[in-house]
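> Model the following, please.
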Amino acid sequence: INARVAMETELQKALVNCEFRMYYQVQIDSQGRPKGAEALLRWQHPRFGLITPTQFIALAEETGLIVPLGNWILESACAQLEQWERDDLTRNLVLSVNVSAKQFSQPDFVDHLSEIINRHRIEPGLLELELTESLLLDNIDEAIQTMDRLRELGIRFSLDDFGTGYSSLQYLKRLPLNELKIDRSFVRDIAWNSSDRAIVSTIIAMAQSFGLEVIAEGVETEEQRQLLLDKGCTLFQGYLFSKPVPIEQFELKLEGFATSLS
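Numbers count the residues shown, from 1 in each chain. Predicted coordinates:
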């Protein structure tokens, strides 16, 4: 109990003291070109160093701190897109951001996000919200209404960790999605596990039938990438291309991709 209270206090201080950082993991298309990136949160603690979300996100959810933290993430993402639009190398990159259920269900979520987008004067189609199946199933009708309003603004949607929750074609056909994301648990053993290969093939075929893009996360080897490509997957994310890195390293990697493609 003492450790939990201490962590909650530290989280509150971290928000006030601006201790959070955004890391970026590149997303690559079938031609090896950067399509965009996923923005991933890190906590740069003054005493404990870099802390990953697995160590604090659950507590942030339980205490409600995920709402101001999520707002900070959206603000940072839109500010980064504003910066990218000034450079030919980055102006067409799509930035994906994870959104929590508690944040997404806030009554003013759409208005708040709309205000951030307008203030930074970014192209809404370059912002992609990653949602989980559990988030959507808590209240499917309300979630769809929120998504429809955001879709009218031009924002994209990706369904994260697809296949690990309560996948249902009944709700999938109703959601205004742009993309399905294949969970890393299916990608990890795809080279030798026939069941994982079958699941991946089914997800890709389903995405294609709904007119959705499909991206595989956790791609670590060229063999995995080639197997996914052969099955029709055209977008990839994982250590094969880059680990999540700070913005300065990310933009250097983009320059490296541009050089190798030219």
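> So in this structure, which strand runs the longest?
strand 34-45 (DSSP state E).
> Name the residues of it that come out as buried.
34-43, 45 (16 or more other Cβ atoms under 10 Å). Heads up, the C-betas are built off the backbone N, CA and C, glycines and all.
> Sheet-wise, list the partners of the next helix or strand after that strand with their directions.
Going down the chain from strand 34-45, the next helix or strand is strand 49-51, by DSSP states H and E. Strand pairing for strand 49-51, using DSSP bridges, gives strand 34-45 (antiparallel).
> any residues touching the partner strand, and which ones?
10, 14, 19-29, 50-53, 55-57, 69, 73, 76-77, 80, 93-98, 126, 128, 130, 235, 237, 244, 250, 254, 257 (Cβ atoms under 8 Å, 6 or more residues apart in numbering).
> Only the buried members of the residues you listed: can you turn that into a PyMOL selection?
In PyMOL syntax, the buried subset of these is picked out as below (16+ other Cβ under 10 Å):
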select buried, resi 10+14+19+20+22+23+24+25+26+27+28+51+56+57+69+73+76+77+80+93+94+95+96+97+98+126+128+130+235+237+244+250+254+257
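> can you tell me which of the contacts of strand 34-45 are in strands?
20-29, 50-51, 94-98, 128, 130, 235, 237.
> pLDDT below threshold where in the stretch 101-250 of the chain?
163-169 (pLDDT under 70).
> the strands in it, which residues?
Taking DSSP state E, counting those that start in this stretch as the criterion, the stretch 101-250 of the chain carries its strands at 127-132, 156-162, 179-182, 213-217, 235-237.
> Just put those in JSON lines and tack on distance to residue 115.
As requested, these are exported to JSON lines (distance: least, Cβ to Cβ, whole Å):
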{"stretch": "strand 127-132", "distance to residue 115": "13"}
{"stretch": "strand 156-162", "distance to residue 115": "19"}
{"stretch": "strand 179-182", "distance to residue 115": "25"}
{"stretch": "strand 213-217", "distance to residue 115": "28"}
{"stretch": "strand 235-237", "distance to residue 115": "29"}
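> With adjacent residues omitted, what lies nearest to residue 151?
residue 176 (4.6 Å; Cβ to Cβ, 6 or more residues apart in numbering).
> and that neighbour, what does it touch?
So residue 176 contacts 144, 147-148, 151, 157 (Cβ under 8 Å, 6+ apart).
> now swap in residue 245 and tell me
The contact partners of residue 245, by Cβ under 8 Å, 6+ apart, come to 23-25, 253.
> If we use 6 Å, what do you get?
Under the criterion of Cβ atoms under 6 Å, 6 or more residues apart in numbering, the neighbours of residue 245 are residue 23.
> what bridges to it?
Beta-bridge partners, per DSSP bridges, of residue 245: residue 24.
> Look up how far residue 50 lies from it.
Distance, residue 245 to residue 50, using Cβ to Cβ, to the nearest Å: 12 Å.
> ranges for the helices of the stretch 101-250 of the chain?
Ranges of helices in the stretch 101-250 of the chain, per DSSP state H, counting those that start in this stretch, are 101-104, 109-120, 133-138, 140-153, 169-172, 184-187, 194-209, 222-230, 247-261.
> I'd like to know which of these is closest to residue 84.
Counting by Cβ to Cβ, residue 84 lies closest to helix 247-261 out of the helices of the stretch 101-250 of the chain; the figure is 8.9 Å.
> Tell me the gap between the closest one and the middle of its chain.
20 Å (Cα atoms, centre = their mean, to the nearest Å).
> Give me the contacts around it.
So helix 247-261 is in contact with 24, 34, 89, 242, going by Cβ under 6 Å, 6+ apart.
> for stretch 135-150, same thing?
By Cβ under 6 Å, 6+ apart, stretch 135-150 touches 101, 104, 110, 166, 171, 174, 176.
> same thing but at 8 Å, please
99-101, 104-105, 109-110, 113, 129, 131, 157, 159, 165-166, 171, 174-176.
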